[in-house]
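Student: whatever this is, show me its structure:
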Amino acid sequence: MKKYLLLFILFGSAILQTLGQTITNTGPDAAGFSAEHLKRMDVAMNDWVEKGYMNGAAALIIRDGKVAYHKAIGFNDLDTKAPLQKEGIFRIASQTKAITSVAIMMLFDEGKLLLTDPVSNYIPSFKKQSVLVKFNPADTTYTTVPAAREITIKDLLTHTSGLGYAQIGSKEANAIYAKNDITAGLGVKNRTLLSAMTKLGELPLMHQPGEKFTYGLNTDVLGCLVEVISGISLDEFFRTRIFEPLGMKDTYFNIPASKASRLVNLYTETPQGKLVKANTGMLNSNAASNYPLVQHSYFSGGAGLSSTIYDYAIFLQMLLNNGEYNGKRLLGRNSVRMMTTNQIGDVSLGGDEFGLGFQIITDKNSGRTPAQVGTFSWGGAFATSYWVDPQEKIVMLFYRQLQARSRNDVVEKFRALTYQAIK
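Tutor: You can find the predicted model right below:
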């Protein structure tokens with residue numbers, strides 16, 4: 001009898017692994033964390049609120065698919081003292097990039113594209129690009145030389161294409177893109193993604209393709225490629241191919257009216273260090289802070305999404321599961337390996353490496369942080385951050401909603417507080 005029971009347990013375990021680890025609410029002990037040590041997280045987060053470092057934050061820690069910590073501490077409104085809710089919908093900005101990168105890799109898995117494909121195969125204006133040599137800030141004129149080669153889809157995924165960022169990039173990129181109505185992607189009206197990316201292809205690169213890492217509009221171009229190749233909008237692709245299969249019910253480009261009240265307030269820091277509500281100037285643009293509530297059809301693959309901390313954790317758990325969640329496979333496990341393996345060679349990134357959409361901790365920098373080698377991460381401009389540690393099987397997310405801010409040390413402190421609580 002014991003023999004059959006053991007076989008049943010082993011078979012059941014194999015079935016669960018096949019389905020992909022799902023997230024369950026078990027508490028810290030079952031997740032391999034010390035409940036006593038996690039209390040330090042509560043103390044620290046409350047201290048950061050009391051000292052005015054932030055109005056509030058949500059935090060979620062998962063290990064082996066088991067929720068060890070999921071709380072929101074502080075206020076959604078400092079005036080009324082309305083508490084921040086852990087179910088709040090946050091502007092995740094550049095955390096959109098990972099989802100767009102996964103969409104591209106899904107098309108790769110389907111044989112719809114190769115990472116070595118020139119971008120011009122899909123957006124012809126990228127065919128004969130030039131590279132900026134000299135720039136005159138007085139009148140925004142510039143001189144260029146021809147690009148040594150065409151940029152590829154891999155260049156976009158690794159931010160080595162030479163494309164800059166609009167509004168938050170270098171002074172040269174900011175000026176050239178502004179003159180041509182190229183934005184960081186928020187609050188765009190009366191323009192299609194394809195028309196904007198077509199124009200971007202006509203403008204100079206900031207450096208030769210593959211020469212160095214430059215954080216830029218690469219993932220917005222990738223979002224456009226998803227639309228061109230799939231024949232549907234990025235919004236529809238995300239919804240039908242990623243969000244619905246994973247059960248992500250609160251992630252949107254356009255937050256529906258029925259959920260508008262759950263959009264978390266965005267704060268900013270004055271030069272005097274006081275936190276006040278931020279109403280305009282998103283990513284140095286004219287976009288208002290309520291941009292997720294304004295219906296639009298310009299879907300920025302680099303910055304446009306809003307989501308809950310739990311929804312995004314499902315997406316990250318899928319990656320930790322090697323492309324699968326709750327019986328739904330989005331990516332082949334080797335495509336996930338490609339995404340989370342260094343893809344930029346010796347190109348400098350502060351000692352870290354970069355895969356296809358993620359920053360990766362290496363042996364060089366593993367000593368400065370408790371995170372294990374291979375941990376991959378990124379974040380968003382409005383103070384949201386995430387990490388996935390495959391060795392510890394941990395998913396960590398720390399969400400604030402702040403524009404200008406000076407106390408970003410709390411992010412590293414959150415990570416340290418997470419690791420110290422592991423049993």
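Student: confidence score at G281?
Tutor: With respect to pLDDT, G281 scores 77.
Student: quick check: which ranges of the chain have low pLDDT?
Tutor: Applying pLDDT under 70 to the chain picks out residues 1-19.
Student: any idea how far E353 is from the residue sitting nearest the centre point of it?
Tutor: Nearest to the mean C-alpha position of the chain, by Cα atoms, centre = their mean, lies Q95 at 1.6 Å. For Q95, the distance to E353 equals 19 Å [Cβ to Cβ, to the nearest Å]. The C-beta positions use only the backbone N, C-alpha and C, and glycine is treated the same way.
Student: report how many residues lie close to the closest residue to the residue nearest to the centre of the chain other than its chain neighbours.
Tutor: Leaving aside its sequence neighbours, Q95 sits nearest to G380 (Cβ to Cβ, 6 or more residues apart in numbering; 4.6 Å). Applying other Cβ atoms under 10 Å, we find 24 other residues in the vicinity of G380.
Student: show me the beta-bridge partners of G380.
Tutor: Bridge pairing for G380 (DSSP bridges) gives the partners T384.
Student: that one touches I99, doesn't it?
Tutor: No. Judged on Cβ atoms under 8 Å, G380 makes no contact with I99 at a distance of 11.7 Å.
Student: on that earlier part again, who's in contact with the residue nearest to Q95?
Tutor: 91-96, 303 (Cβ atoms under 8 Å, 6 or more residues apart in numbering).
Student: which parts of the longest strand anywhere in the chain are buried?
Tutor: For the chain, the longest strand by residue count, based on DSSP state E, is strand 66-77. For strand 66-77, the buried set under the neighbour-count rule, 16 or more other Cβ atoms under 10 Å, comprises 66-70, 72-76.
Student: and stretch 179-199, end to end?
Tutor: 11 Å (Cα to Cα, to the nearest Å).
Student: centre of the chain to that stretch, how far?
Tutor: 20 Å (Cα atoms, centre = their mean, to the nearest Å).
Student: buried residues in it?
Tutor: So, applying 16+ other Cβ under 10 Å, buried residues of stretch 179-199: 182-188, 193, 196-197.
Student: likewise for stretch 324-332?
Tutor: So for stretch 324-332, counting by 16+ other Cβ under 10 Å, buried means 324-326, 329-332.
Student: and what of stretch 333-343?
Tutor: 335-336, 338-340, 343.
Student: one step back: and the residue nearest to the centre of the chain, that one's in a helix?
Tutor: Yes. Counting by DSSP: H, G, I helix; E, B strand; the rest coil, Q95 is found in a helix.
Student: so what's it up against?
Tutor: Neighbours of Q95 in contact, by Cβ under 8 Å, 6+ apart: 305, 307, 312, 378-380, 384, 386.
Student: selecting buried members of the residues you listed in ChimeraX, what would you type?
Tutor: A single ChimeraX command selects the buried members of the contacts of Q95 (16+ other Cβ under 10 Å):
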select :305,307,312,378,379,380,384,386
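Student: turn the contacts of Q95 into a markdown table, columns for distance to Q129.
Tutor: Below are the contacts of Q95 laid out as a markdown table (distance: Cβ to Cβ, whole Å):
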| residue | distance to Q129 |
| --- | --- |
| L305 | 28 |
| S307 | 34 |
| Y312 | 34 |
| W378 | 26 |
| G379 | 29 |
| G380 | 29 |
| T384 | 33 |
| Y386 | 33 |
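Student: how many other residues sit next to the closest residue to R329 other than its chain neighbours?
Tutor: Distances taken as Cβ to Cβ, 6+ apart put G323 closest to R329, at 5.8 Å, once the chain neighbours are dropped. The tally of other residues near G323 (other Cβ under 10 Å) stands at 23.
Student: so G323 sits right up against M338, yeah?
Tutor: No. In this structure, G323 is not within contact of M338 by Cβ under 8 Å, at 10.9 Å.
Student: for Y177, which non-adjacent residue is spatially closest?
Tutor: Per Cβ to Cβ, 6+ apart, closest to Y177 is A166, 4.0 Å.
Student: equivalent analysis for S125, please.
Tutor: G201 (3.3 Å).
Student: next one: stretch 104-121 to chain centre, how far?
Tutor: With Cα atoms, centre = their mean, you get 21 Å for stretch 104-121.
Student: in it, which residues are buried?
Tutor: Along stretch 104-121, these residues count as buried under the neighbour rule (16+ other Cβ under 10 Å): 104-109, 113, 115, 117-121.
Student: quick check, nearest of those to N55?
Tutor: Comparing those against N55 with Cβ to Cβ places I104 closest, at 35.4 Å.
Student: residues touching N254, list them.
Tutor: 235, 292-296.
Student: on that earlier part again, give me the number of residues near the residue nearest to Y177?
Tutor: A166: 26 neighbours (other Cβ under 10 Å).
Student: you'd agree it is up against I182?
Tutor: Yes. Here A166 reaches I182: they are 4.9 Å apart, a contact under Cβ under 8 Å.
Student: re the thing from before, dump the contacts of G380 to JSON lines, plus distance to R415.
Tutor: Converted to JSON lines, the contacts of G380 look like this (distance: Cβ to Cβ, whole Å):
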{"residue": "R91", "distance to R415": "22"}
{"residue": "I92", "distance to R415": "18"}
{"residue": "A93", "distance to R415": "20"}
{"residue": "S94", "distance to R415": "18"}
{"residue": "Q95", "distance to R415": "16"}
{"residue": "T96", "distance to R415": "22"}
{"residue": "A303", "distance to R415": "23"}
